[in-house]
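Student: turn this into a model:
(4 chains)
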There are 2 protein chains.
Amino acid sequence: MPVKIIIYEDNTTLRESLSSLLSLAGDYQLLASYADCRQVAEQVTAADPDVILMDIDMPEVNGIEAVRKIRQFNRKVQIIMLTVFDDNTHVFDAMYAGANGYLLKKYVSDKLIDAIREVLEGGAPMSPTIARMVISNLQQPSPKVSENDYQLTGREKETLQSLAKGNSFKMIAAELGISIDTVRTHIKRIYDKLHVRSQIEAVSKAINEKLV
Amino acid sequence: MPVKIIIYEDNTTLRESLSSLLSLAGDYQLLASYADCRQVAEQVTAADPDVILMDIDMPEVNGIEAVRKIRQFNRKVQIIMLTVFDDNTHVFDAMYAGANGYLLKKYVSDKLIDAIREVLEGGAPMSPTIARMVISNLQQPSPKVSENDYQLTGREKETLQSLAKGNSFKMIAAELGISIDTVRTHIKRIYDKLHVRSQIEAVSKAINEKLV
DNA sequence: TATGCAATCCCCTGATTGCGGTATGGCAAA
DNA sequence: TTTGCCATACCGCAATCAGGGGATTGCATA
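Tutor: Residues are numbered from 1 along each chain as shown, chains lettered A, B, ... in the order given. Alright, predicted model coming up:
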């Protein structure tokens, strides 16, 4: 059974070369190709493709918006973005919207067939620079650690964590097996160290700076 | 100039087959291969390789810990993890520690040479399932929105937001330009709607469910 | 026009919190 | 052994908060 594909791409030349790439490779059935995404929901519902090749920069409705729409009713179809944009915003918006792969147009002729195969096998085909962007995004959140170190002691951290769960002093005392007065003492020290003067300030600071 | 490589892998058989894979491919210079990471800092500093192939499950010092150590003094060397682990924890810990690629051992014989080339070109070679894990990690934070709708009115949302910043009732009143009693009224309604009974509970619920 | 709802303000009572102390036992480093 | 730090506990007071009322205005909608 051939793989059913739909293409969204406003550039006619590129649309045609994608189409011939697919027919040369064999085993692919191009159900349709469209120059815009205005009817994307209806078209995808009707055709029920296995894979969608989606340009980003299109008139009327852009490709990322289209992905969002598709994902509202179909989480199964595999969507590969085909685009010239390799900036953070476009890549992450597309991934966030629910794209499964992200191929830069300069690699299309070499990698398209591989990418389609890979996405059907449960992978996430990405051009090299895109992959690097995605993983360096994961690596961002590290360089804090040393900076926001308020020198909280073990018990103080536990107290703060319990507080952040929404517990009152009484409940914290019960949870940690200590008296409510000890909780008060810990809390006082925490306030000093975090430079705050109320529960909410402490909790919002703790959450925002990932101390909990 | 050949690409300089170091291997860390405790399994002797695999270490030798990696070594022969590299020599067959040509243009690679295997500087050294080690069965453990105890001396990783010294070894990497001395040899100054272009690429490191790193196993995860090794005695004494595991591969992820080793990556962390290397990254403390060298951000340039490209590190590819070679492992059997395809679970979330290992993958994200490794990426987070500073790995540039993540190749499952079952793909090594097919993909190793490609992966080395790709990582040197600024890419992030990953086995298909790994790539999918990484991008689905980006996609997590969406599917709520409709569920946690507590029907807060506009003013109630503003009040909650102000509260979550760490403001007291008095400060909220000042910020919203209303009396403290009105703030009280809003807060009471918020508690009803969120099914909570204190500031912290409300704030931690609001932050955790992304209402703010 | 009546009804509903958001937004505003007020009062009261009891509970909780914020903040200033003080104090003791344990443990580790100097 | 003295000093410092942590964890524990208690006291007291002023401020704030929680929760129960009730009330008015304005706007939209039935």
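Student: could you pull out the helices for chain A?
Tutor: Counting by DSSP state H, the segments of chain A that form helices are A:12-25, A:40-47, A:63-71, A:88-97, A:108-120, A:128-139, A:154-164, A:169-176, A:180-194, A:199-208.
Student: what sits against A:L176?
Tutor: Residues in contact with A:L176 (Cβ atoms under 8 Å, 6 or more residues apart in numbering or on different chains) are A:155, A:158-159, A:162, A:183. Using the backbone N, CA and C atoms, a C-beta is placed for each residue, glycine as well.
Student: what about A:Q139, distance to A:D86?
Tutor: From A:Q139 across to A:D86, the span is 18 Å (Cβ to Cβ, to the nearest Å).
Student: and chain A, what are its domains?
Tutor: Domain assignment for chain A by automatic domain parsing gives A:3-139, A:154-208.
Student: and chain A, which residues reach chain B?
Tutor: Residues of chain A that fall close to chain B, judged by Cβ under 8 Å from any Cβ of the partner chain: A:92, A:95-96, A:98-100, A:118, A:121-129, A:131-132, A:134-135, A:137-139, A:141-142, A:163-168, A:196, A:198-201, A:203-205, A:207.
Student: of these, keep whichever come out buried.
Tutor: Among these, the ones that count as buried by 16 or more other Cβ atoms under 10 Å in any protein chain shown are A:92, A:95-96, A:98-100, A:118, A:123-129, A:131-132, A:134-135, A:137-138, A:163-168, A:196, A:199-201, A:203-205, A:207.
Student: picking up where we left off before, contacts with DNA strand D among the residues of chain A next to chain B, please.
Tutor: Near DNA strand D, judged by Cβ under 7 Å from any atom of the strand, the entries from the residues of chain A next to chain B are A:S198.
Student: backbone torsions only: list them for A:C37.
Tutor: Backbone torsions for A:C37, taken as degrees, to the nearest 10, come to phi -110, psi 20.
Student: OK, contacts around it?
Tutor: A:C37 touches A:8, A:58, A:60-63, A:65-66, A:69, counting by Cβ under 8 Å, 6+ apart.
Student: same thing but at 7 Å, please
Tutor: By Cβ atoms under 7 Å, 6 or more residues apart in numbering or on different chains, the contact list for A:C37 reads A:8, A:58, A:60-61, A:63, A:66.
Student: likewise for A:S109?
Tutor: Neighbours of A:S109 in contact, by Cβ under 7 Å, 6+ apart: A:L21.
Student: and the one 5 residues further on, by the same measure?
Tutor: Residues counted as contacts of A:D114 (Cβ under 7 Å, 6+ apart) are A:P125.
Student: repeat for A:I207
Tutor: Each residue near A:I207 by Cβ under 7 Å, 6+ apart is listed here: A:164, B:207.
Student: get me the contact residues on chain A for DNA strand D.
Tutor: A:151, A:153-156, A:176, A:178-179, A:181-182, A:184-186, A:198.
Student: circling back to that earlier point, hmm, which of the contacts of A:C37 are the buried ones?
Tutor: Neighbour counting by 16+ other Cβ under 10 Å classes A:8, A:58, A:61, A:63, A:66 among the contacts of A:C37 as buried.
Student: nearest to B:Q78 among these?
Tutor: Closest approach to B:Q78 among the buried ones among the contacts of A:C37 (Cβ to Cβ): A:G63, at 31.8 Å.
Student: so that closest one sits against A:Y8, correct?
Tutor: Yes - the criterion here is Cβ atoms under 7 Å, and A:G63 meets it with A:Y8 at 6.5 Å.
Student: quick one: common contacting residues for these two?
Tutor: Counting by Cβ under 7 Å, 6+ apart, the contacts common to A:G63 and A:Y8 are A:37, A:54-55.
Student: about what we covered before: got JSON lines for the domains of chain A, with distance to B:A32 too?
Tutor: Converted to JSON lines, the domains of chain A look like this (distance: least, Cβ to Cβ, whole Å):
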{"stretch": "domain A:3-139", "distance to B:A32": "26"}
{"stretch": "domain A:154-208", "distance to B:A32": "41"}
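Student: dump the ones you listed into TSV; add distance to DNA strand C and mean pLDDT as well.
Tutor: Formatted as TSV, the domains of chain A follow (distance: least, Cβ to the nearest atom of the strand, whole Å; pLDDT from 0 to 100):
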stretch	distance to DNA strand C	mean pLDDT
domain A:3-139	27	93
domain A:154-208	3	93
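Student: which of those sits closest to B:K111?
Tutor: The closest approach between B:K111 and any of those, judged by Cβ to Cβ, belongs to domain A:3-139 at 11.7 Å.
Student: endpoints of that closest one, how far apart?
Tutor: By Cα to Cα, to the nearest Å, the extent of domain A:3-139 from end to end equals 36 Å.
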